[in-house]
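Undergrad: Need coordinates for the following:
(one chain, ligands or ions: 4)
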Amino acid sequence: MNKSPEVAAVDFNDENSNTSSNPTFDSVLAARLSRRGLLRGGVGTVGTALLGGFSVAACGGSDDAATAPEEKLLGFNAVAKSLADAVIVPAGYTASVLYALGDPLSAATGAYKNDGTDTGFEDRAGDHHDGMEWFGLSSDGKLSATATERGLLAVNHEATTDEKLSSFFMHANGGTSTLPRPASEIDKEVAAHGISVVEVKKTAGKWATVQSSPFNFRLTPLSEIEISGPARGSALMITKFSPTGTKTRGTLNNCGTGKTPWGTFLTGEENWFGYFTRSSTDDAARGNDKSVTALNRYGRAQGAASRHGWESGGSADKYARWINGKLGTSANGSDDYRNEMNGMGFIVEIDPLDKSKSAKKRTGLGRFAHESAAFGIPVVGQPLVVYMGDDARNEYMYKYVSTALWSAADANPADRMATGDKYLDNGKLYVAKYNADGSGQWIELTIANAAIANYAGYKFADQADVLVNARIAGDAVGATKMDRPEWGGVNPANGEIYQTLTNNSNRRVDPSGSSQVAPDAANPRVYTDMKGSTAQLGNPNGHLLRMKEGAAGGSATSFTWDIYLFGAESGADKGMVNISSLTADQDFSSPDGLVFSPSTGICWIQTDDGAYTDVTNCMMLAAIPGKVGDGAKKTLSYTKADGSKLDVATNVGQAPTASTLKRFLVGPVGCEITGLCETPDGKAMFVNIQHPGETTSQANIGDPAKYTSQWPTNAGYGAGKRPRSATIVITKNDGGRIGS
Ligand code: FEO
Ligand code: CA
Ligand code: CA
Ligand code: CA
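TA: Ligands and ions are numbered 1, 2, ... in the order given. Below is the predicted model of the structure:
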């Protein structure tokens, strides 16, 4: 969810707890770009080996005439911006609803009535479909890298559409907006979070879920999950539920995803902090020890109220665990849930083909507001690399590098979770620092680093403490503050890393207060964008940057980087706002989801916007990117209030053409477009429509005419008129690949 920056009061998706004095990415970029030319590589060729039919014409510079394209990519007609309550795809394509909130996952579960009376979400699709991955199934039910008509979708269910505590579409009367809340409402809401795995199958040309599939399952915030990796058994993990600190309950606010090279699902726990509460006297109860520092740094100051009031359901342990307070008398926390938040905020690995195997929190990848987990291209004999962003204002970029070297035999192992132990439980976690000269460093977060071991802001006990409080370790080594990194992706053509940065309402030519920052090279735009009569200040439309690893590849500790694309309205000034010269067929705001197609190499960009939504609903674009350094230097000139000049130098990637960036899809009212996976032939694409109708007021429950969306019922799917998050499947009518 990404509410308009001028509207949001309490937005659990827009946290800012980084009060460290580390430089912002913007300030170092400003300094670096004052030196010309470091990124001025020529427009190079895009590798074709991995991309199959990648269009030479669309590459903008390939000189390899021998690799003739088999089909032109981005050959479709762009979809126009739209405010319709519908999913719109190009002519020649079909989008069908496949799997919506509440759909049954067992033979014994009834159809979703969609009137607020449904229960049993442990056997139904959860809400707010987000990141998603495809796992092909062979005819004998084994993992298949080539299956194209049968597979499992592993789907994140990030959150619920809520207002004043209640997930209002889930309750007949909109639910209870005051504390305490009824246990019956809480139990439904909890069970609608987490992940689902659902079998999907194409029969007679039509995709459908398999309701009775033995593969189907849910993980919810109450499912037992193992703590794995360096923090397993740490004192920080001790709770009443797990006095040995080896397990916890549930996964929560699951946002971006990843797919391991050995065939398991990775899910990122993002805005989990908002679900916990702390009393207004908890700091003193803890003796103002270092746990208070950590809790503040992770978004839970004492007195913080929880998003849903789940702690108020009664005395049972499943409600009490949401009170992240020192209530007991034990020295180690084994009699309360003072440490409960330390069990959230990880990349969690799940074997989608074997629900009997416990999911594992991979603590080696650090604890923060995780989005996606994007693997670098695996190379036999080299470590595996995972790129990750921390989506909160002013947080950091990370990568994990495995100790084990990649073995091709592990691509299809007998025990997938054991393979996860091998690659994800032993490795190094790095945080990114962006230098002014266009280079960057990956700084290892290790207790062996004196800057961490001796950090004045927090006394780290051991390496587990460093990983559990990775943000603080990042502070200690001077990591670069970023503007809300959402999804990242790795270009299969060349291994470069693409990263969305969604927007920033706090940028000003004349900043005031601690939260506002001046424009600089990486965030050079300050402008006023009108949304109706509301002035949206700062940089409302967001941008994307990219990185290229040094000569050592994924294990390099240095990299180069530039800015790929700026979001903007096409009619905005091309000098100061629409710097990428986006046309009406390309303009977008607030990039969030980003996935490279393994089939076509297309970079799919999805939006979660509140700024341009007076003109268009959220969307998805297809892009054929160039490479780091293919652009040019540019300077934006501002005049400060005191009359002095503020020149901001920046460096943008080569501007897109009609052949390299095109809008492919626009969603229904109030939605976010997120999550994307494909069959291996690229001919069926699965995309999630998250929270249509989110802009509905809870007070209007019971009056469908006042729901801002009635999708997907208005698309002929399912009962009732309440809007539902859902997975759609997109196919091309001529049977071709999606995006061709
Ligand atoms: Fe769940 Fe930052 O998106
Ligand atoms: Ca506008
Ligand atoms: Ca997101
Ligand atoms: Ca977002």
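
Undergrad: show me the residues around the residue of the stretch 151-300 of the chain found nearest ligand 1 that make contact.
TA: When you check the stretch 151-300 of the chain against ligand 1 by Cβ to the nearest ligand atom, the closest residue turns out to be C255, at 3.4 Å. C-beta: built from backbone N, CA, C; applies to glycine. In this structure, C255 makes contact with D130, G131, N156, E158, G268, E269, E270, N271, H370, E371, S372, D391, judged by Cβ atoms under 8 Å, 6 or more residues apart in numbering.

Undergrad: mind checking the SS state of it?
TA: strand (DSSP: H, G, I helix; E, B strand; the rest coil).

Undergrad: rewinding a little: can you tell me which of the contacts of C255 is closest to T528?
TA: The shortest gap between T528 and any of those belongs to D391, at 25.5 Å (Cβ to Cβ).

Undergrad: Tell me where this protein is predicted with low confidence.
TA: Applying pLDDT under 70 to the chain flags residues 1-70, 436-437.

Undergrad: Which residue does it have closest to ligand 4?
TA: Per Cβ to the ion, D608 is where the chain lies closest to ligand 4, at 3.6 Å.

Undergrad: That residue and S590 touch, don't they?
TA: Yes: look at D608 against S590 with Cβ atoms under 8 Å: they come within range, at 5.6 Å.

Undergrad: picking that back up, report the entries of the contacts of C255 that also contact ligand 3.
TA: With Cβ under 5 Å from the ion as the criterion, the contacts of C255 include none near ligand 3.

Undergrad: Just the buried residues of those residues.
TA: D130, G131, N156, E158, G268, E269, E270, N271, H370, E371, S372, D391 (16 or more other Cβ atoms under 10 Å).

Undergrad: Any chance of a markdown table for the residues you listed, columns distance to V380 and secondary structure?
TA: Formatted as a markdown table, these follow (distance: Cβ to Cβ, whole Å; DSSP: H, G, I helix; E, B strand; the rest coil):
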| residue | distance to V380 | secondary structure |
| --- | --- | --- |
| D130 | 32 | strand |
| G131 | 28 | strand |
| N156 | 30 | strand |
| E158 | 35 | coil |
| G268 | 27 | strand |
| E269 | 31 | strand |
| E270 | 33 | coil |
| N271 | 37 | coil |
| H370 | 28 | strand |
| E371 | 28 | strand |
| S372 | 24 | strand |
| D391 | 33 | coil |
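
Undergrad: need the contact list for S228.
TA: S228 neighbours (Cβ under 8 Å, 6+ apart): E349, K360, K361, R362, T363, G420, D421, L424, D425.

Undergrad: Go again with 10 Å.
TA: Residues in contact with S228 (Cβ atoms under 10 Å, 6 or more residues apart in numbering) are 246-247, 346, 348-349, 358-364, 417, 420-421, 424-425.

Undergrad: Which residues of the stretch 551-700 of the chain lie near ligand 4?
TA: So the stretch 551-700 of the chain meets ligand 4 at D592, D608 (Cβ under 5 Å from the ion).

Undergrad: From T500, how far out is the closest residue to ligand 3 within the stretch 551-700 of the chain?
TA: Taking Cβ to the ion, ligand 3 has its nearest neighbour within the stretch 551-700 of the chain at D592, 4.3 Å off. Distance, D592 to T500, by Cβ to Cβ, to the nearest Å: 6 Å.

Undergrad: now the residue of the stretch 551-700 of the chain closest to ligand 3: how far from Q586?
TA: Taking Cβ to Cβ, one finds D592 at 17 Å from Q586.

Undergrad: same question, A655
TA: 10 Å.

Undergrad: intersection of neighbour lists for the two?
TA: Common neighbours of A655 and Q586 (Cβ under 10 Å, 6+ apart) are L565, N578, S580, L661.

Undergrad: Show the contacting residues for the first one.
TA: Okay, so that is L565. 498, 500, 542-546, 579-580, 582, 586, 588, 591, 603, 605, 621, 623, 625, 631, 652-656, 661.
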